[in-house]
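> please work out how this folds:
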Amino acid sequence: MTGTDERATVSTDHETATPSERRTGFVDSLDEGHRWLAAALGIAAIVATVYYATHPYPAYGAGLYLAIAEQIVAHGYQMPATIPHYTAGGVPFAYPPLMFYVTAVLVDLGVDPVVLTRALPALVTIAYLVPFYYLARAVLGSGRAAGLATVLLAATPDVLQWHLSGGGIVRAPAFTLAVTGLYVGVNLFRTGDRRWLAPGAVLFGLTLLSHPTYSAFFGLSYLVFYAAYDRTRAGLVNGAAVATGGLTIAAPWVIHVARTHGVATLTGAAGTHGGFGRNLRTVAGKVLDPSASLVVVVLLAAAVAYLVWQRRYLLPGWLGVGLVLMNEMRYVFVPAVLVAATVLSEASRGRPGDRARRLLDWRPSRWNGAAFATVVVLAAAVGGLYAADVPVKGGQGLPAFVNDDDVAAMEWVEAETPPDAEFVVLGDGAEWFPYFTDRTMLVGPWGVEWVSPSAYDRHLDLFEELSACHAAGCLTDGLAREDVQPDYVYVPKGTYTVRGEDEHQTAVMRTTMQAVETYRLVYENDGAMIFRVES
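As a prediction, this is how the structure comes out:
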């Protein structure tokens, strides 16, 4: 048969192949790691779809973020000095501005703001798995282990909590930039190739312009990579070059904030959420939180011990830095899933005759198929349930701060109260209140970290105290003690949240507030009450 005949035969076979056979051929063309990556992307798509379908309003808060975008548009894309209505004097606009400008452009183009806060985080939560996979592959040197780590990350509640929720319009892109930058950093320090300097500097600069704590995670991780891969003068110079380049990119924003609000605004905000370091008791409290699975903690500790015994210190060191120096478990889980995937992948190989070696191997066999299906189904179930606001991690799901009743009440406020009216709002719906009503919310911690640590602590403590009130006397005493004098009080009915935790308002609150002359009920629906404060 001639070469032409062979090509004709191949072409005919392809044309007569069934759709199922073509799909099988595509899957077989992928290497093992990319098959796991495809599974992770599928899991993330399921999680995102479930979240979008079950959350007509985004989880947690994004009202302040949308208000910032609104102010950027109103100021002709110049940086506003303050964001009004979030406390009496407003809050400084000192946030890293990149994603707020992106949001402003999208809203200005006509994208529905609430839809944006539901859809954009979900899409980016799928997309960031791709750079994470390549980061994992660069660190672990195994496509299978990297793919497994990506599957684990796709379904980790502590990661989804911050990236899939409404605030993910800022945090999910920041995580994407940081993870991509870490991939660049691994290659920079491992090879010493200076061609990685420019992308590293650009990504660090964009991360600085997106979110402060993701920038801290970026920088600390580079120090870990330097210690693990290239403890030389050249490695130190390369790391310094990335840092200098990134700071140069972010310098116009830093200078603007320092001139507008003072350097203390930037330095003070770092301490309002606990700073970048914690004592060991606080670290232990995070790791051994009752909402965490003790089995998972023990297995992860055993995995770390195994790597230390093997004298493979990168992942244990990275995990330790995250635990001690970062305040959120979302950062800790980046090295944690790499640790877990490494040990699971190596355990699956075993000796040539071991059944264990088949557990994570993709080659066609009933053992491999069952193991792969089990991992994927479990991950999809955990991620999907959490996305549907089922508290799979122990007591906390993904609650929305507002519902239709809240939005209806806030629309009434916008239409029926004076523009200069000031409110105290109980519950987490307060975060959305200024955005939906264009009215001032007097007590709340959102954005106040940029004022001062003491102001933030005062607002947070008072907000939590007032939001837990279930009788008029409690509310009156708290307002009087702090000399807060609202024109109206907004009280949720039934179940609501305070800092993401469920609270239940009983009928006692309504009865006691109507029993005193201080408060007059002016609006009520199934989920909210609004009282005018009589002077």
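> tell me the SS of residue 231?
Under DSSP: H, G, I helix; E, B strand; the rest coil, residue 231 falls in the coil class.
> count of residues packed around residue 518?
By other Cβ atoms under 10 Å, the residues close to residue 518 number 16. (C-beta placed from N, C-alpha, C; glycine too.)
> isn't it up against residue 479?
No - Residue 518 is beyond contact range of residue 479, at 9.6 Å (criterion: Cβ atoms under 8 Å).
> next, residue 90: phi, psi?
Its backbone dihedrals place residue 90 at phi 80, psi 180, with angles given as degrees, to the nearest 10.
> show me what the closest residue to it other than its chain neighbours bridges to in the sheet.
Nearest residue to residue 90, sequence neighbours excluded (Cβ to Cβ, 6 or more residues apart in numbering): residue 82, at 3.9 Å. Residue 82 forms beta bridges with residue 92, as assigned by DSSP bridges.
> next up, the contacts around residue 82.
89-93 (Cβ atoms under 8 Å, 6 or more residues apart in numbering).
> can you select the buried ones from these in PyMOL?
The buried residues among the contacts of residue 82 can be selected in PyMOL (16 or more other Cβ atoms under 10 Å) with this line:
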select buried, resi 90+91+92+93
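> relative to residue 432, which of the contacts of residue 82 is nearest.
Closest to residue 432 out of those is residue 91 (15.1 Å), distances taken as Cβ to Cβ.
> what pLDDT does the model give that closest one?
The model reports residue 91 with a pLDDT of 97.
> next up, the contacts around it.
Per Cβ under 8 Å, 6+ apart, neighbours of residue 91: 64, 82-83, 446-448, 450-451.
> would CSV of these with secondary structure, pLDDT and distance to residue 107 be doable?
Converted to CSV, the contacts of residue 91 look like this (DSSP: H, G, I helix; E, B strand; the rest coil; pLDDT from 0 to 100; distance: Cβ to Cβ, whole Å):
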residue, secondary structure, pLDDT, distance to residue 107
64, helix, 98, 14
82, strand, 97, 19
83, strand, 98, 15
446, coil, 97, 19
447, coil, 96, 19
448, helix, 96, 24
450, helix, 94, 22
451, coil, 93, 26
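> the nearest residue to residue 145 once chain neighbours are set aside sits in which helix or strand?
Excluding the flanking residues, the one nearest residue 145 by Cβ to Cβ, 6+ apart is residue 345, at 3.9 Å. For residue 345, the host element (DSSP states H and E) is helix 329-349.
> just checking, what packs against that helix?
The contact analysis (3 or more Cβ pairs under 8 Å, 6 or more residues apart in numbering; DSSP states H and E) places helix 329-349 against helix 129-140, helix 143-154, helix 157-163, helix 212-229, helix 294-309, helix 314-325.
> show me which positions of the helix or strand following that helix end up buried.
Under the assignment DSSP H and E, the closest C-terminal helix or strand after helix 329-349 is helix 366-387. Across helix 366-387, burial judged by 16+ other Cβ under 10 Å covers 368, 371-372, 375-376, 379-380, 382-387.
> so what's the gap between helix 366-387 and the chain middle?
23 Å (Cα atoms, centre = their mean, to the nearest Å).
> next, the angle from it to helix 329-349.
Calculated by axes from the mean of the first three to the mean of the last three Cα atoms, to 10 degrees, helix 366-387 forms an angle of 170 degrees with helix 329-349.
> off-centre distance for the helix or strand following helix 366-387?
Next helix or strand after helix 366-387 toward the C-terminus (DSSP H and E): helix 404-416. Put simply, helix 404-416 sits 28 Å off its chain's centre (Cα atoms, centre = their mean).
> same question, stretch 185-197
Using Cα atoms, centre = their mean, the offset of stretch 185-197 from its chain centre is 28 Å.
> list the buried residues of that stretch.
185-190, 196-197.
> now do stretch 36-56
By neighbour count on 16+ other Cβ under 10 Å, the buried set for stretch 36-56 is 36-37, 39-48, 50-52, 55.
> would you confirm that residue 380 contacts residue 155?
Yes - counting by Cβ under 8 Å, residue 380 touches residue 155, with 6.9 Å between them.
> overlap of the contact sets of these two?
Contact criterion Cβ under 8 Å, 6+ apart; residues shared by residue 380 and residue 155: 43, 47.
> name the nearest residue to residue 408, ignoring sequence neighbours.
Residue 408 sits nearest to residue 525 (Cβ to Cβ, 6+ apart), 5.7 Å away.
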